[in-house]
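**Student:** no FASTA, just this:
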(Lines give C-alpha, C1' and ligand atoms only; values in the text may rest on other atoms or scores of the structure.)
Protein backbone atom coordinates (compact mmCIF):
# COMPACT_ATOMS: atom_id res chain seq x y z
CA UNK A 1 0.00 0.00 0.00
CA UNK A 2 1.46 3.36 -1.01
CA UNK A 3 1.81 5.99 1.72
CA UNK A 4 -0.94 8.20 0.30
CA UNK A 5 -3.38 5.29 0.25
CA UNK A 6 -2.35 4.25 3.74
CA UNK A 7 -2.85 7.74 5.10
CA UNK A 8 -6.33 7.91 3.56
CA UNK A 9 -7.16 4.51 5.05
CA UNK A 10 -5.83 5.58 8.44
CA UNK A 11 -7.83 8.79 8.35
CA UNK A 12 -11.00 6.83 7.59
CA UNK A 13 -10.36 4.64 10.63
CA UNK A 14 -9.67 7.72 12.71
CA UNK A 15 -12.94 9.34 11.66
CA UNK A 16 -14.69 6.22 13.00
CA UNK A 17 -12.83 6.61 16.34
CA UNK A 18 -10.82 3.44 15.71
CA UNK A 19 -7.68 5.21 16.83
CA UNK A 20 -5.43 2.24 17.59
CA UNK A 21 -6.12 0.68 14.20
CA UNK A 22 -5.45 3.99 12.47
CA UNK A 23 -2.13 4.41 14.28
CA UNK A 24 -1.06 0.91 13.23
CA UNK A 25 -1.78 1.85 9.59
CA UNK A 26 0.30 5.03 9.93
CA UNK A 27 3.17 3.09 11.53
CA UNK A 28 3.05 0.48 8.76
CA UNK A 29 3.19 3.23 6.13
CA UNK A 30 6.17 4.79 7.89
CA UNK A 31 8.04 1.46 7.78
CA UNK A 32 7.26 0.94 4.10
CA UNK A 33 8.66 4.34 3.13
CA UNK A 34 11.54 4.95 5.55
CA UNK A 35 12.53 8.28 3.97
CA UNK A 36 9.02 9.74 3.97
CA UNK A 37 8.12 11.76 7.11
CA UNK A 38 4.44 12.21 6.15
CA UNK A 39 3.02 9.12 7.95
CA UNK A 40 4.92 9.99 11.11
CA UNK A 41 3.78 13.60 11.00
CA UNK A 42 0.15 12.64 10.49
CA UNK A 43 0.28 10.14 13.34
CA UNK A 44 1.93 12.78 15.55
CA UNK A 45 -0.83 15.25 14.71
CA UNK A 46 -3.52 12.73 15.57
CA UNK A 47 -1.84 11.81 18.86
CA UNK A 48 -1.62 15.50 19.74
CA UNK A 49 -5.39 15.74 19.30
CA UNK A 50 -5.73 13.03 21.97
CA UNK A 51 -3.41 14.86 24.36
CA UNK A 52 -0.82 12.08 24.03
CA UNK A 53 2.05 14.55 23.76
CA UNK A 54 4.91 12.22 24.68
CA UNK A 55 4.07 9.80 21.88
CA UNK A 56 3.44 12.68 19.50
CA UNK A 57 6.85 14.17 20.29
CA UNK A 58 8.54 10.81 19.71
CA UNK A 59 7.07 10.59 16.20
CA UNK A 60 7.85 14.24 15.46
CA UNK A 61 11.46 13.47 16.42
CA UNK A 62 11.56 10.51 14.06
CA UNK A 63 10.12 12.65 11.26
CA UNK A 64 12.79 15.28 11.91
CA UNK A 65 15.50 12.62 11.61
CA UNK A 66 14.13 11.78 8.16
CA UNK A 67 14.11 15.42 7.07
CA UNK A 68 16.38 17.50 9.34
CA UNK A 69 16.17 20.50 7.03
CA UNK A 70 12.45 20.89 7.82
CA UNK A 71 12.28 23.83 10.23
CA UNK A 72 8.51 23.45 10.55
CA UNK A 73 8.84 19.97 12.06
CA UNK A 74 11.61 21.23 14.34
CA UNK A 75 9.34 24.04 15.54
CA UNK A 76 6.40 21.69 16.17
CA UNK A 77 8.64 19.36 18.17
CA UNK A 78 9.80 22.33 20.25
CA UNK A 79 6.19 23.26 21.01
CA UNK A 80 5.40 19.70 22.06
CA UNK A 81 8.39 19.52 24.39
CA UNK A 82 7.40 22.84 25.92
CA UNK A 83 3.99 21.38 26.76
CA UNK A 84 5.77 18.55 28.56
CA UNK A 85 7.91 20.92 30.59
CA UNK A 86 11.14 20.15 28.69
CA UNK A 87 11.85 23.84 28.30
CA UNK A 88 15.63 23.79 27.70
CA UNK A 89 15.43 21.30 24.86
CA UNK A 90 12.35 23.05 23.49
CA UNK A 91 14.13 26.42 23.44
CA UNK A 92 17.17 24.94 21.72
CA UNK A 93 15.04 23.42 18.97
CA UNK A 94 12.98 26.57 18.54
CA UNK A 95 16.14 28.67 18.16
CA UNK A 96 17.43 26.24 15.56
CA UNK A 97 14.12 26.42 13.68
CA UNK A 98 14.24 30.23 13.63
CA UNK A 99 17.87 30.18 12.45
CA UNK A 100 16.82 27.86 9.63
CA UNK A 101 13.89 30.10 8.65
CA UNK A 102 14.43 33.62 10.05
CA UNK A 103 11.28 34.92 8.34
CA UNK A 104 9.02 32.24 9.87
CA UNK A 105 6.49 33.97 12.14
CA UNK A 106 5.42 30.63 13.66
CA UNK A 107 8.99 29.83 14.69
CA UNK A 108 9.48 33.30 16.18
CA UNK A 109 6.22 33.06 18.08
CA UNK A 110 7.08 29.56 19.37
CA UNK A 111 10.52 30.64 20.62
CA UNK A 112 9.12 33.74 22.31
CA UNK A 113 6.37 31.69 23.95
CA UNK A 114 8.94 29.28 25.39
CA UNK A 115 11.19 32.12 26.58
CA UNK A 116 8.22 33.90 28.19
CA UNK A 117 7.24 30.65 29.91
CA UNK A 118 10.76 30.50 31.37
CA UNK A 119 10.16 33.90 32.98
CA UNK A 120 12.30 35.95 30.57
CA UNK A 121 9.42 38.08 29.36
CA UNK A 122 11.37 41.20 28.37
CA UNK A 123 13.71 39.06 26.24
CA UNK A 124 10.72 37.45 24.52
CA UNK A 125 9.17 40.85 23.81
CA UNK A 126 12.38 42.15 22.24
CA UNK A 127 12.68 39.06 20.06
CA UNK A 128 9.14 39.65 18.79
CA UNK A 129 9.70 43.36 18.13
CA UNK A 130 12.76 42.51 16.02
CA UNK A 131 10.78 39.90 14.12
CA UNK A 132 8.06 42.40 13.17
CA UNK A 133 10.64 45.02 12.17
CA UNK A 134 13.00 42.76 10.23
CA UNK A 135 10.59 40.31 8.60
CA UNK A 136 7.27 41.84 7.49
CA UNK A 137 4.82 39.02 6.85
CA UNK A 138 1.11 38.24 6.50
CA UNK A 139 1.69 35.79 9.34
CA UNK A 140 2.96 38.42 11.77
CA UNK A 141 -0.40 38.50 13.48
CA UNK A 142 0.96 35.51 15.39
CA UNK A 143 3.99 37.53 16.46
CA UNK A 144 1.89 40.51 17.53
CA UNK A 145 -0.43 38.24 19.47
CA UNK A 146 2.45 36.82 21.48
CA UNK A 147 3.93 40.31 21.89
CA UNK A 148 0.63 41.46 23.41
CA UNK A 149 0.87 38.71 26.03
CA UNK A 150 4.44 39.69 26.85
CA UNK A 151 3.58 43.36 27.24
CA UNK A 152 0.56 42.49 29.36
CA UNK A 153 2.80 40.52 31.71
CA UNK A 154 5.26 43.46 31.79
CA UNK A 155 2.48 45.88 32.76
CA UNK A 156 2.51 47.83 29.49
CA UNK A 157 -1.23 47.58 28.96
CA UNK A 158 -1.52 50.23 26.24
CA UNK A 159 1.30 48.55 24.32
CA UNK A 160 -0.31 45.15 24.81
CA UNK A 161 -3.63 46.32 23.41
CA UNK A 162 -1.92 48.09 20.49
CA UNK A 163 -0.10 44.87 19.55
CA UNK A 164 -3.24 42.82 19.97
CA UNK A 165 -5.37 45.14 17.86
CA UNK A 166 -2.70 45.04 15.15
CA UNK A 167 -2.88 41.24 15.19
CA UNK A 168 -6.68 41.24 15.03
CA UNK A 169 -6.67 43.74 12.15
CA UNK A 170 -4.41 41.45 10.13
CA UNK A 171 -6.68 38.49 10.88
CA UNK A 172 -9.95 40.27 10.25
CA UNK A 173 -9.46 40.73 6.50
CA UNK A 174 -9.54 37.00 5.77
CA UNK A 175 -11.44 35.66 8.81
CA UNK A 176 -14.48 37.94 8.60
CA UNK A 177 -16.68 35.28 6.88
CA UNK A 178 -16.33 33.21 10.04
CA UNK A 179 -18.12 35.95 11.98
CA UNK A 180 -21.09 35.69 9.65
CA UNK A 181 -21.21 31.97 10.37
CA UNK A 182 -20.98 32.63 14.10
CA UNK A 183 -24.01 34.94 13.95
CA UNK A 184 -26.05 32.25 12.18
CA UNK A 185 -24.99 29.54 14.62
CA UNK A 186 -25.53 31.77 17.66
CA UNK A 187 -29.06 32.59 16.53
CA UNK A 188 -29.88 28.91 15.97
CA UNK A 189 -28.39 27.87 19.31
CA UNK A 190 -30.35 30.44 21.29
CA UNK A 191 -33.59 29.72 19.42
CA UNK A 192 -33.23 25.99 20.01
CA UNK A 193 -32.48 26.47 23.70
CA UNK A 194 -35.53 28.67 24.19
CA UNK A 195 -37.72 26.13 22.40
CA UNK A 196 -37.05 23.78 25.32
CA UNK A 197 -39.09 24.50 28.42
CA UNK A 198 -39.31 22.64 31.70
CA UNK A 199 -42.14 20.41 30.48
CA UNK A 200 -40.15 19.15 27.49
CA UNK A 201 -36.97 18.66 29.48
CA UNK A 202 -38.75 16.75 32.26
CA UNK A 203 -40.38 14.48 29.67
CA UNK A 204 -36.99 13.84 28.08
CA UNK A 205 -35.51 13.03 31.46
CA UNK A 206 -38.22 10.47 32.25
CA UNK A 207 -37.39 8.27 29.24
CA UNK A 208 -36.20 4.87 30.50
CA UNK A 209 -32.68 4.23 29.17
CA UNK A 210 -30.01 1.71 30.09
CA UNK A 211 -27.87 3.07 32.96
CA UNK A 212 -24.41 4.23 31.90
CA UNK A 213 -22.86 5.30 35.20
CA UNK A 214 -22.20 8.73 36.60
CA UNK A 215 -21.80 11.66 34.22
CA UNK A 216 -21.61 15.44 34.50
CA UNK A 217 -21.42 18.16 31.86
CA UNK A 218 -18.90 20.95 32.50
CA UNK A 219 -20.20 23.91 30.51
CA UNK A 220 -19.38 27.63 30.95
CA UNK A 221 -17.72 29.88 28.39
CA UNK A 222 -14.15 29.93 27.00
CA UNK A 223 -11.80 31.42 29.62
CA UNK A 224 -14.34 31.21 32.43
CA UNK A 225 -12.24 28.73 34.41
CA UNK A 226 -13.35 25.51 32.73
CA UNK A 227 -9.85 24.09 32.26
CA UNK A 228 -8.74 24.94 35.79
CA UNK A 229 -11.83 23.30 37.24
CA UNK A 230 -11.48 20.26 35.00
CA UNK A 231 -7.86 19.73 36.04
CA UNK A 232 -8.77 19.97 39.71
CA UNK A 233 -11.54 17.42 39.28
CA UNK A 234 -9.30 15.18 37.16
CA UNK A 235 -6.94 14.87 40.13
CA UNK A 236 -9.72 12.96 41.94
CA UNK A 237 -9.29 9.17 41.58
CA UNK A 238 -13.04 8.80 41.16
CA UNK A 239 -13.18 11.11 38.12
CA UNK A 240 -12.22 10.94 34.47
CA UNK A 241 -12.52 13.99 32.19
CA UNK A 242 -12.80 14.41 28.43
CA UNK A 243 -11.06 17.77 27.73
CA UNK A 244 -13.13 18.99 24.78
CA UNK A 245 -13.35 15.99 22.49
CA UNK A 246 -16.21 17.72 20.58
CA UNK A 247 -17.82 14.33 19.91
CA UNK A 248 -21.31 15.53 20.77
CA UNK A 249 -20.91 18.71 18.75
CA UNK A 250 -19.34 17.22 15.63
CA UNK A 251 -21.37 14.02 15.44
CA UNK A 252 -24.77 15.20 16.69
CA UNK A 253 -25.21 18.92 17.26
CA UNK A 254 -23.64 20.14 14.02
CA UNK A 255 -25.78 17.97 11.71
CA UNK A 256 -28.98 17.86 13.77
CA UNK A 257 -29.23 21.32 15.32
CA UNK A 258 -26.97 23.73 13.46
CA UNK A 259 -27.40 22.30 9.94
CA UNK A 260 -31.17 21.75 10.17
CA UNK A 261 -33.36 23.75 7.82
CA UNK A 262 -34.93 25.60 10.73
CA UNK A 263 -35.11 25.57 14.50
CA UNK A 264 -38.55 23.95 14.27
CA UNK A 265 -37.16 21.13 12.12
CA UNK A 266 -34.31 20.58 14.56
CA UNK A 267 -36.71 20.40 17.49
CA UNK A 268 -39.07 18.08 15.63
CA UNK A 269 -36.31 15.59 14.84
CA UNK A 270 -34.69 15.60 18.28
CA UNK A 271 -37.97 15.59 20.18
CA UNK A 272 -39.10 12.63 18.06
CA UNK A 273 -36.20 10.32 18.94
CA UNK A 274 -37.43 6.92 20.08
CA UNK A 275 -35.67 4.78 22.66
CA UNK A 276 -33.71 2.79 20.09
CA UNK A 277 -32.34 5.95 18.49
CA UNK A 278 -31.32 7.35 21.86
CA UNK A 279 -29.63 4.10 22.86
CA UNK A 280 -27.73 3.98 19.56
CA UNK A 281 -26.58 7.57 20.00
CA UNK A 282 -25.48 6.92 23.57
CA UNK A 283 -23.59 3.78 22.54
CA UNK A 284 -21.71 5.73 19.86
CA UNK A 285 -20.93 8.59 22.24
CA UNK A 286 -19.47 6.30 24.90
CA UNK A 287 -17.52 4.24 22.36
CA UNK A 288 -15.97 7.39 20.87
CA UNK A 289 -15.31 8.88 24.30
CA UNK A 290 -13.58 5.72 25.48
CA UNK A 291 -11.40 5.83 22.36
CA UNK A 292 -10.38 9.39 23.22
CA UNK A 293 -9.69 8.50 26.84
CA UNK A 294 -7.81 5.34 25.98
CA UNK A 295 -9.66 3.61 28.83
CA UNK A 296 -13.14 2.89 30.10
CA UNK A 297 -14.57 5.20 32.79
CA UNK A 298 -15.70 2.09 34.72
CA UNK A 299 -17.13 3.23 38.07
CA UNK A 300 -15.67 6.73 37.86
CA UNK A 301 -17.61 9.91 37.25
CA UNK A 302 -17.23 10.94 33.61
CA UNK A 303 -17.03 14.70 33.13
CA UNK A 304 -17.84 15.90 29.61
CA UNK A 305 -15.98 19.22 29.46
CA UNK A 306 -16.79 21.70 26.72
CA UNK A 307 -17.04 25.49 27.20
CA UNK A 308 -19.47 25.59 24.26
CA UNK A 309 -21.78 23.13 26.03
CA UNK A 310 -23.81 25.98 27.54
CA UNK A 311 -25.48 26.82 24.25
CA UNK A 312 -25.74 23.14 23.25
CA UNK A 313 -26.95 21.82 26.58
CA UNK A 314 -30.43 21.02 25.29
CA UNK A 315 -29.27 18.29 22.94
CA UNK A 316 -26.74 16.98 25.47
CA UNK A 317 -29.48 16.48 28.05
CA UNK A 318 -31.63 14.74 25.46
CA UNK A 319 -28.91 12.14 24.92
CA UNK A 320 -27.60 12.12 28.50
CA UNK A 321 -30.61 12.94 30.69
CA UNK A 322 -28.97 11.53 33.81
CA UNK A 323 -26.16 14.09 33.64
CA UNK A 324 -25.55 16.71 36.30
CA UNK A 325 -24.49 20.17 35.12
CA UNK A 326 -21.55 22.30 36.27
CA UNK A 327 -21.41 25.94 35.23
CA UNK A 328 -18.18 27.86 35.95
CA UNK A 329 -18.85 31.55 36.53
CA UNK A 330 -16.25 34.29 36.23
CA UNK A 331 -16.53 38.07 35.97
CA UNK A 332 -17.65 38.40 32.33
CA UNK A 333 -15.33 41.36 31.84
CA UNK A 334 -12.33 39.24 32.83
CA UNK A 335 -13.66 36.47 30.60
CA UNK A 336 -13.82 38.83 27.63
CA UNK A 337 -10.32 40.23 28.12
CA UNK A 338 -8.85 36.76 28.61
CA UNK A 339 -10.63 35.33 25.55
CA UNK A 340 -9.60 38.33 23.44
CA UNK A 341 -5.95 37.76 24.43
CA UNK A 342 -6.02 33.99 23.79
CA UNK A 343 -4.60 32.67 20.51
CA UNK A 344 -7.34 30.26 19.46
CA UNK A 345 -7.71 28.14 16.30
CA UNK A 346 -9.86 30.07 13.85
CA UNK A 347 -13.32 28.61 13.28
CA UNK A 348 -16.92 29.86 13.46
CA UNK A 349 -17.09 29.25 17.21
CA UNK A 350 -13.87 31.16 18.01
CA UNK A 351 -14.50 33.99 15.51
CA UNK A 352 -15.89 36.39 18.18
CA UNK A 353 -12.31 36.78 19.42
CA UNK A 354 -11.64 38.86 16.28
CA UNK A 355 -12.94 42.05 17.92
CA UNK A 356 -14.07 43.16 21.35
CA UNK A 357 -17.66 43.84 20.32
CA UNK A 358 -18.17 40.23 19.24
CA UNK A 359 -16.16 38.95 22.21
CA UNK A 360 -18.65 40.67 24.54
CA UNK A 361 -21.63 39.52 22.46
CA UNK A 362 -20.48 35.88 22.68
CA UNK A 363 -20.04 36.07 26.46
CA UNK A 364 -23.50 37.64 26.76
CA UNK A 365 -24.98 34.81 24.67
CA UNK A 366 -23.57 32.14 27.00
CA UNK A 367 -24.88 33.92 30.08
CA UNK A 368 -28.32 34.55 28.55
CA UNK A 369 -28.68 30.91 27.62
CA UNK A 370 -27.47 29.78 31.04
CA UNK A 371 -29.99 32.20 32.58
CA UNK A 372 -32.63 30.22 30.69
CA UNK A 373 -31.26 26.78 31.60
CA UNK A 374 -31.03 27.48 35.33
CA UNK A 375 -34.80 28.15 35.30
CA UNK A 376 -35.91 25.10 33.32
CA UNK A 377 -33.54 22.12 33.51
CA UNK A 378 -34.69 19.41 35.94
CA UNK A 379 -31.17 18.00 36.32
CA UNK A 380 -29.14 18.95 39.40
CA UNK A 381 -26.81 21.86 38.62
CA UNK A 382 -24.26 24.02 40.38
CA UNK A 383 -22.40 27.26 39.66
CA UNK A 384 -18.71 27.44 40.58
CA UNK A 385 -17.29 30.95 40.85
CA UNK A 386 -13.73 31.37 39.61
CA UNK A 387 -13.02 34.14 42.11
CA UNK A 388 -14.01 31.93 45.06
CA UNK A 389 -12.27 28.90 43.56
CA UNK A 390 -8.84 30.54 43.43
CA UNK A 391 -9.24 32.22 46.82
CA UNK A 392 -10.78 29.32 48.76
CA UNK A 393 -10.64 26.20 46.62
CA UNK A 394 -11.46 23.90 49.51
CA UNK A 395 -14.82 25.50 50.18
CA UNK A 396 -15.81 25.91 46.52
CA UNK A 397 -14.77 22.37 45.58
CA UNK A 398 -16.51 21.07 48.67
CA UNK A 399 -19.86 22.36 47.40
CA UNK A 400 -19.16 20.83 44.00
CA UNK A 401 -18.16 17.39 45.27
CA UNK A 402 -21.37 17.25 47.29
CA UNK A 403 -23.47 17.79 44.17
CA UNK A 404 -21.40 15.21 42.29
CA UNK A 405 -21.67 12.75 45.20
CA UNK A 406 -17.90 12.43 45.42
CA UNK A 407 -15.88 11.94 48.61
CA UNK A 408 -13.47 14.75 49.38
CA UNK A 409 -10.01 14.28 47.87
CA UNK A 410 -7.15 16.46 49.09
CA UNK A 411 -5.09 16.07 45.93
CA UNK A 412 -7.60 18.24 44.03
CA UNK A 413 -6.02 21.24 45.78
CA UNK A 414 -2.64 20.47 44.18
CA UNK A 415 -3.83 19.47 40.73
CA UNK A 416 -0.95 21.38 39.09
CA UNK A 417 1.48 18.86 40.59
CA UNK A 418 -0.24 15.83 39.07
CA UNK A 419 1.32 14.24 36.02
CA UNK A 420 -1.28 12.81 33.65
CA UNK A 421 -1.10 10.39 30.75
CA UNK A 422 -3.10 12.87 28.68
CA UNK A 423 -1.90 16.44 28.39
CA UNK A 424 -3.91 19.67 28.39
CA UNK A 425 -4.70 20.71 24.83
CA UNK A 426 -6.11 24.15 25.58
CA UNK A 427 -4.00 27.07 24.20
CA UNK A 428 -3.47 28.29 27.78
CA UNK A 429 -1.97 24.98 28.91
CA UNK A 430 0.86 26.67 30.82
CA UNK A 431 -1.58 28.48 33.13
CA UNK A 432 -3.04 25.29 34.61
CA UNK A 433 0.45 23.97 35.37
CA UNK A 434 0.86 26.73 37.98
CA UNK A 435 -0.36 26.86 41.58
CA UNK A 436 -3.59 28.81 42.09
CA UNK A 437 -3.14 32.55 41.65
CA UNK A 438 -5.44 35.57 41.97
CA UNK A 439 -3.68 38.02 39.66
CA UNK A 440 -6.24 37.43 36.88
CA UNK A 441 -9.11 38.71 39.06
CA UNK A 442 -10.00 42.23 37.92
CA UNK A 443 -7.59 42.10 35.01
CA UNK A 444 -10.23 43.78 32.86
CA UNK A 445 -9.63 47.09 34.65
CA UNK A 446 -6.31 47.46 32.84
CA UNK A 447 -8.26 47.46 29.56
CA UNK A 448 -11.41 49.24 30.67
CA UNK A 449 -11.18 52.07 28.14
CA UNK A 450 -11.14 49.60 25.26
CA UNK A 451 -13.65 47.18 26.77
CA UNK A 452 -16.34 49.45 28.24
CA UNK A 453 -17.73 50.76 24.90
CA UNK A 454 -18.76 47.16 24.07
CA UNK A 455 -20.27 46.08 27.39
CA UNK A 456 -23.87 46.95 26.47
CA UNK A 457 -25.04 43.34 25.92
CA UNK A 458 -23.42 42.31 29.20
CA UNK A 459 -24.71 45.14 31.41
CA UNK A 460 -27.92 43.46 32.67
CA UNK A 461 -26.12 40.14 33.04
CA UNK A 462 -23.37 41.62 35.20
CA UNK A 463 -26.07 42.56 37.68
CA UNK A 464 -27.93 39.25 37.33
CA UNK A 465 -24.83 37.21 38.17
CA UNK A 466 -23.48 39.51 40.87
CA UNK A 467 -20.67 41.27 39.02
CA UNK A 468 -22.04 44.81 38.75
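**Tutor:** Here it is on my side, so go on. In this text, all values refer to a predicted model and were calculated from it rather than measured experimentally.

**Student:** Could you grab the helix/strand/coil label for residue 405?
**Tutor:** Using DSSP: H, G, I helix; E, B strand; the rest coil, the structure places residue 405 in coil.

**Student:** How about the contacts made by it?
**Tutor:** Residues near residue 405 by CB atoms under 8 Å, 6 or more residues apart in numbering: residue 214. (Glycine included, C-beta is placed from N, CA and C.)

**Student:** same check, this time on residue 378
**Tutor:** Applying CB under 8 Å, 6+ apart, the residues near residue 378 are 198, 201, 202, 205.

**Student:** can you check residue 236 too?
**Tutor:** By CB under 8 Å, 6+ apart, the contact list for residue 236 reads 401, 406, 409, 411, 412.

**Student:** mind redoing it with 7 Å?
**Tutor:** Applying CB atoms under 7 Å, 6 or more residues apart in numbering to residue 236 gives the contacts 406, 409, 412.

**Student:** For these, I'd like a selection string for PyMOL - just the buried members, please.
**Tutor:** Buried subset of the contacts of residue 236, written as a PyMOL selection, criterion 16 or more other CB atoms under 10 Å:
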select buried, resi 406+409+412
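
**Student:** hang on, the earlier thing: narrow the contacts of residue 378 to those in strands?
**Tutor:** Taking DSSP state E, every one of the contacts of residue 378 sits outside strands.

**Student:** quick check, nearest of the residues you listed to residue 259?
**Tutor:** Of all the contacts of residue 378, residue 259 sits closest to residue 201, with 22.8 Å by CB to CB.

**Student:** Scan the contacts of residue 378 and report the most crowded one.
**Tutor:** residue 201 (20 neighbours; other CB atoms under 10 Å).

**Student:** Mind pulling up the pLDDT for that one?
**Tutor:** The score at residue 201 is 98. That number is its pLDDT.

**Student:** ok, and the closest non-adjacent residue to residue 387?
**Tutor:** Once flanking residues are discounted, residue 387 sits nearest to residue 441: 5.5 Å by CB to CB, 6 or more residues apart in numbering.

**Student:** Now do the helices in the stretch 351-468 of the chain.
**Tutor:** Counting by DSSP state H, counting those that start in this stretch, the stretch 351-468 of the chain has helices at residues 356-376, 386-391, 393-403, 448-451, 459-464.

**Student:** just the contacts of residue 378 now: which is nearest residue 323?
**Tutor:** For the contacts of residue 378, the nearest to residue 323 is residue 205 (9.8 Å; CB to CB).

**Student:** correct me, but that closest one touches residue 319?
**Tutor:** No - here residue 205 lies out of contact with residue 319, judged by CB atoms under 7 Å, at a distance of 11.6 Å.

**Student:** for stretch 194-207, which positions count as buried?
**Tutor:** If you call a residue buried by 16+ other CB under 10 Å, then stretch 194-207 has these buried ones: 196, 201, 204.

**Student:** any idea how far the closest residue to residue 310 other than its chain neighbours lies from residue 233?
**Tutor:** Closest residue in space to residue 310, ignoring its immediate chain neighbours: residue 219 at 4.3 Å, by CB to CB, 6+ apart. Counting by CB to CB, to the nearest Å, the separation of residue 219 from residue 233 is 14 Å.

**Student:** swap in residue 210?
**Tutor:** Taking CB to CB, one finds residue 210 at 25 Å from residue 233.

**Student:** Which one's more surrounded, these two?
**Tutor:** Using other CB under 10 Å, the more surrounded residue of residue 210 and residue 233 is residue 233, with 26 against 9.
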